[in-house]
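>>> Could you look at this predicted model? Sequence included:
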Amino acid sequence: MVTAYDQEKVLGIGVAMSGLVLSGSRFVMSSHLKWKSFNLKKVLEEATGIPVFIDNISVLKAAQYFSGHFKNSDKNALFIDLEHGIGAVPYIGGAIQREV
């Protein structure tokens, strides 16, 4: 798949996942996909030779929302995503809080 393109021009692969994503983009658990423990980052990097970045889809949606609606703001808010279960992302003091 990646070999069809100039691999040297590909900076990385981004994956948005519904589930628990720990620091370092190491995907751990998804009830939606019925995965209990799966290191998707490692599998994809070994298969492609390209750096892989994985994040929770709710965090990415919140980042997009807050960058447009709360840009340069120190307001506090809570982004709630109900698309693939329940995702809640706190925005405090102008930044998304990953560790609560």
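The structure has been received and is ready for your questions. Numbering: from 1, shown residues only.
>>> show me the contacts for residue 77.
Contact partners of residue 77, counting by C-beta atoms under 8 Å, 6 or more residues apart in numbering, are 66, 70, 90-91. For every residue, glycine as well, the C-beta is placed using N, CA and C.
>>> which ones among the residues you listed are found in strands?
Filtering the contacts of residue 77 for membership in strands, criterion DSSP state E, returns 90-91.
>>> biggest separation within the contacts of residue 77, which pair?
Using C-beta to C-beta, the two most remote members of the contacts of residue 77 are 70 and 90, lying 12.3 Å apart.
>>> hmm, back to that, so can I have CSV of the contacts of residue 77 showing neighbour count, pLDDT and distance to residue 55?
Supplementary listing: these in CSV, determined by neighbours: other C-beta atoms under 10 Å; pLDDT from 0 to 100; distance: C-beta to C-beta, whole Å:
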residue, neighbour count, pLDDT, distance to residue 55
66, 19, 87, 14
70, 16, 77, 19
90, 15, 92, 15
91, 20, 89, 15
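>>> Closest to residue 78 out of the contacts of residue 77?
Using C-beta to C-beta, the shortest approach to residue 78 within the contacts of residue 77 belongs to residue 90, at 5.5 Å.
>>> so what's that closest one bridging to?
residue 78 (DSSP bridges).
>>> any idea how far it is from residue 15?
With the distance defined as C-beta to C-beta, to the nearest Å, residue 90 ends up 23 Å from residue 15.
>>> just residue 22 next, same as before
Using C-beta to C-beta, we find residue 22 at a distance of 14 Å from residue 15.
>>> now do residue 71
When C-beta to C-beta is the yardstick, residue 71 and residue 15 sit 26 Å from each other.
>>> These two - which one has more neighbours?
When neighbours are counted by other C-beta atoms under 10 Å, residue 15 comes out ahead of the other of residue 71 and residue 15, with 16 against 8.
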